[in-house]
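Chemist: got a predicted structure plus its sequence, pasted below:
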Amino acid sequence: MVRLTLRTLRYRKGGFVATFIALFLGAMIVMACGGLMETGIRTAIPTHRFAGADIVVTGDRHYELPKRDPADEEEDTERALLSEQVALDPGLVGKLAGVSGVARAVGDVSFPAYVNGTSTTGHGWESAQLAQGSLTGAEPRAGQVVLGSGQVGDQVSISVRGETRQYTVSGVFPQDGIYFAASDATRLGKLTSIGLTVTNGTDVSDLASQIKKTFTVSALTGEDRGAAEYPAALKSSELLITIAGVFGGFAVMVLMMVVASTLGLSIRQRKREIALLRAIGTTPRQVRRMVFFEALVLSVLATAAAWIPGSLVGRWLFTQFAGKGVVDSVIEFHQGWIPSVVGVGAAILTSQVAAMAAARRAAQTRPTEALAEAAVQRKWLTPFRAIAGTLCCLGGLALAIVTVTAMHGPIAASTAGPAVLLWAFAFSLLAPGVSRVVLAVLKWPVRALSSVPGSLALSNAKVRRIQLAAAIAPVMLASGFALAQIYIQTTSVKASQEAYDRSLRADFVLQSTSGGFSPDVVAQLRATPGVTAASAWVTSTGYVDAPYDSKQGDDGLALQGVTASGASALTAVDLASGSLDSLTGNTVALPARHAEAMKRGIGDTVTMRFGDGRTVDTRIVALLNEDQAFETALLPAQLVAEHTDTGAATRIMARGSAANVHVPNAQVVDRSVLTASYAEDQRTSAWINYLLAGLIVLYTAITVINTLVVETADRRREFGLLRLSGARRGQVMRMAGVEGALIAVTGLVLGTAISAGSLVPFAISARGSVLPDGPLWIFLVVAGAVGLLTMAATLVPAWIATRQRPVDTVVAP
């Protein structure tokens, strides 16, 4: 069988091209997604300021969510990434210096700063001893700074949390940021990192593990040290892991469908050969082994060819993400052998599963029936197809129900997205029967518009409905996946924009250009003639630490810091009970459903864990009826600001006229600027999905071309017989054109149906509408692209197949 398989692959290259290309492209996309995931997991960032440290200790930003029963060890533990930096106890520097194996411990005090309006980061001078470079000038004393460039003796204006002071440049040090004297840095910032050097002979990894366990901190070594210099990069790494996981899974599922379709087509084209093998005594087991080995050889060759392109595509995708600001550009792209092996494994496993399905029908055919069935396959509804198709339909229906009943807002895309693939699986398995229904509806307009070619095409469609269904399936998948992914994004963006517009009740906004506002600026603004209300605006993410909140997810609760006197006028909340005027001190206004889950009400106390990891006992002063998709807890602005990296409110919302507003180091912005900025952020987020979904759609589109080209080219003998029977070449071409139109229209109808199975539940959940949001031209472009691809992939090979004399095509092997 091995020799027979290799000879078949050698002499029938054309029949395996579609499968090879499908495996090659699928493996390439899976490898690219694997590279993105590895990059996110490793989060490799070049180290600069901590280049001289063997270990960098930071606060542990990974938070373990509370469990319903803390004593229950079997209950799953969820972990989340805190949104702010976690400060360290200043006394920890001395404790770490005394640990065996530590030669030196150097603390790094960091804080946001602005130099002449440009954002940067301030540090204590002590941490400079861990960086590379030499100092020109002198170390800073109180009132002095060291910059990365400039002249010694220059005066610079530096703002920290809205407070602006003049400093003298005492030296120049070739590193990013500003270095302050220890006394100034301690006053302005907090200890965020500690760099450690180890003694000779000390195992760095073992020491880091010991420190992590003893002091409950993060101990970073090697390329992980860069995360201490760029803490925002941790969010990028989580985003990369999520994106790669979701679209890598999509790619594997699409790969499975596409390979099953193309490999099945290849087997059907060789039905006569397989029938002859069965007739001369080949056993079903031998036929299956032959098909499995063919698929194995193809998958190995395809994945080997995809190895380097997969890495290049992964790097290109990462570059696009970094260029758009979706991920931090300081992260280095890494794609080692693991993503490549995963891509190889996915392609081989997929090919073997597809081969099992493709070989099943031919191997089970009795030798006495083999030659009779070799021309046209008529039986298609096997028990496997019926059961698997039904299960996929039930799975799609289950996801639709979950999307409508359990999901709210844009997050519903997490269940609506996979649903389209389940519907596609179901329709692909049941395609011969489903497409027959659509073709029955289309036969009347086809006969009316094209008499003889239309009748021939319909007759072919009736007799060759299984082959036609194989051509329709990739068209359905391409159009359905494209429509679902695009309209999910347009609907998500619209829902988010509407929610943001509802929440933004300000007429104008003050934006700080110096790192924040002092608390008294709100009162000054409120006293300005023409201003009717003002409130500080601070955002972060936190968690209810106690009591246990069953409604809380690992994404936490959006925290919004406001000023009590202006909160009612500037927040679009539906107050269930209590008063926002009481939001002073350690108080909170919680979503009512969270309070109900915790059995807490007005006057009760809950423990909030803020983005910097610290906890505060807060008293509930109000309960809010909010959209579950956009739930927010309101707290005093000063309380939230104390637990953020900025340490102060950077925005103040106001109602009224801004004509008389003059606040130093602040920019007055109309609300339309904010809504436009938010809309742009949402479009950037959607752009990620467009890009990755576009790759998968392009993959399926190429598969459409492959399938139709191979299917049409294989009909040379049929076209020759038609011409020998009296049909002209033009009539054969028109018949092929009608068949192409039938494939395109049927595929588009079914693709629209499977996308509707995903989009309708999502639209209901996200916006309360049956129809998704988005322009009609998107559908028209998809329909036009599907029609153009299908017609080209049908007519071009048909034209090539009919160039020869009819008698030559009939007698050709």
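Modeler: Looks like it arrived, so ask away.
Chemist: please make it C-alpha for all contacts and neighbour counts, starting now.
Modeler: Will do.
Chemist: quick one: residue 744 is in a helix?
Modeler: Yes: under DSSP: H, G, I helix; E, B strand; the rest coil, residue 744 sits within a helix.
Chemist: ok, and the closest non-adjacent residue to it?
Modeler: Nearest residue to residue 744, sequence neighbours excluded (Cα to Cα, 6 or more residues apart in numbering): residue 787, at 5.4 Å.
Chemist: tell me the spacing between the one you found and residue 472.
Modeler: Distance, residue 787 to residue 472, by Cα to Cα, to the nearest Å: 12 Å.
Chemist: more neighbours, the two?
Modeler: More neighbours surround residue 472 than the other of residue 787 and residue 472, with 30 against 21 (other Cα atoms under 10 Å).
Chemist: secondary structure element holding the more buried one?
Modeler: Assigned by DSSP states H and E, residue 472 belongs to helix 465-503.
Chemist: what's the mean pLDDT across the following helix or strand past that helix?
Modeler: The element immediately downstream of helix 465-503 (helix or strand, assigned by DSSP H and E) is strand 508-512. Strand 508-512 shows a mean pLDDT of 88.
Chemist: could you do stretch 778-797 as well?
Modeler: 89.
Chemist: just stretch 282-291 next, same as before
Modeler: 79.
Chemist: check which residues of that stretch are buried.
Modeler: 282, 283, 284, 287, 288, 289, 290, 291 (16 or more other Cα atoms under 10 Å).
Chemist: what strand or helix carries the first one?
Modeler: Using DSSP H and E, no element contains residue 282; it sits outside every helix and strand.
Chemist: any idea how far it lies from residue 398?
Modeler: Relative to residue 398, and taking Cα to Cα, residue 282 is found at 44 Å.
Chemist: again, but for the fifth one
Modeler: Residue 288 sits 35 Å away from residue 398 when distances are taken as Cα to Cα.
Chemist: next: the second one.
Modeler: Noted for residue 283: a distance of 41 Å to residue 398, by Cα to Cα.
Chemist: part of a strand, is residue 109?
Modeler: Yes: per three-state DSSP, residue 109 lies within a strand segment.
Chemist: does it touch residue 128 like I think?
Modeler: No: with contact defined as Cα atoms under 8 Å, residue 109 does not reach residue 128; the gap is 11.0 Å.
Chemist: could I get the full set of strands for the stretch 51-200 of the chain?
Modeler: 55-58, 62-64, 79-81, 102-115, 118-124, 136-137, 144-147, 155-160, 163-172, 178-180, 190-198 (DSSP state E, counting those that start in this stretch).
Chemist: and those: which comes nearest residue 676?
Modeler: Each of those was scored for nearness to residue 676 using Cα to Cα, and the closest is strand 118-124 (22.4 Å).
Chemist: tell me what angle the closest one forms with strand 190-198.
Modeler: 60 degrees (axes from the mean of the first three to the mean of the last three Cα atoms, to 10 degrees).
Chemist: partners of strand 118-124, with directions?
Modeler: strand 102-115 (antiparallel), strand 178-180 (parallel) (DSSP bridges).
Chemist: in that strand, what's buried?
Modeler: So for strand 118-124, counting by 16+ other Cα under 10 Å, buried means 119, 122, 123, 124.
Chemist: now the residue of the chain most remote from its centre. Its backbone dihedrals?
Modeler: Outermost residue of the chain with respect to the C-alpha centroid, by Cα atoms, centre = their mean, is residue 726; its distance is 56.5 Å. Main-chain torsions, residue 726, degrees, to the nearest 10: phi 120, psi -10.
Chemist: ok, now how distant is it from residue 454?
Modeler: Going from residue 726 to residue 454 by Cα to Cα gives 17 Å.
Chemist: of the buried residues of strand 118-124, which is the nearest to residue 582?
Modeler: Of all the buried residues of strand 118-124, residue 582 sits closest to residue 119, with 34.9 Å by Cα to Cα.
Chemist: my guess is the closest one meets residue 113, correct?
Modeler: Yes: under the criterion of Cα under 8 Å, residue 119 makes contact with residue 113 at 6.0 Å.
Chemist: how about low-confidence regions in this protein?
Modeler: The chain contains residues with pLDDT under 70 at 1-15, 71, 73, 269, 358-359, 361-381, 409-410, 627-629, 808-813.
Chemist: would you mind finding the longest helix in it?
Modeler: Longest helix in the chain by number of residues (criterion: DSSP state H): helix 671-713.
Chemist: elements contacting that one?
Modeler: If contacts are counted by 3 or more Cα pairs under 8 Å, 6 or more residues apart in numbering; DSSP states H and E, helix 671-713 sits against helix 13-42, helix 233-269, helix 465-503, helix 776-801.
Chemist: most tightly packed of the ones you listed?
Modeler: Counting by mean count of other Cα atoms under 10 Å, helix 13-42 has the highest mean neighbour count of those, with a mean of 26.
Chemist: the most centrally placed residue in the chain: what's it in contact with?
Modeler: Nearest residue to the geometric centre of the chain (Cα atoms, centre = their mean): residue 243, 2.9 Å. Residue 243 makes contact with residue 37, according to Cα atoms under 8 Å, 6 or more residues apart in numbering.
Chemist: helices or strands next to the lengthiest strand in the chain in the packing?
Modeler: Longest strand in the chain by number of residues (criterion: DSSP state E): strand 531-546. Applying 3+ Cα pairs under 8 Å, 6+ apart, one finds that strand 531-546 contacts helix 520-526, strand 557-562, helix 564-570, strand 605-609, helix 637-641, strand 651-656.
Chemist: relative to that strand, what are the paired strands and their orientations?
Modeler: Strand 531-546 has these strand partners (DSSP bridges): strand 557-562 (antiparallel), strand 605-609 (antiparallel), strand 651-656 (antiparallel).
Chemist: possible to save those as JSON lines with mean neighbour count and distance to residue 714?
Modeler: Compiled in JSON lines, the strands paired with strand 531-546 are given as follows (neighbours: other Cα atoms under 10 Å; distance: least, Cα to Cα, whole Å):
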{"stretch": "strand 557-562", "mean neighbour count": "23", "distance to residue 714": "59"}
{"stretch": "strand 605-609", "mean neighbour count": "20", "distance to residue 714": "66"}
{"stretch": "strand 651-656", "mean neighbour count": "23", "distance to residue 714": "67"}
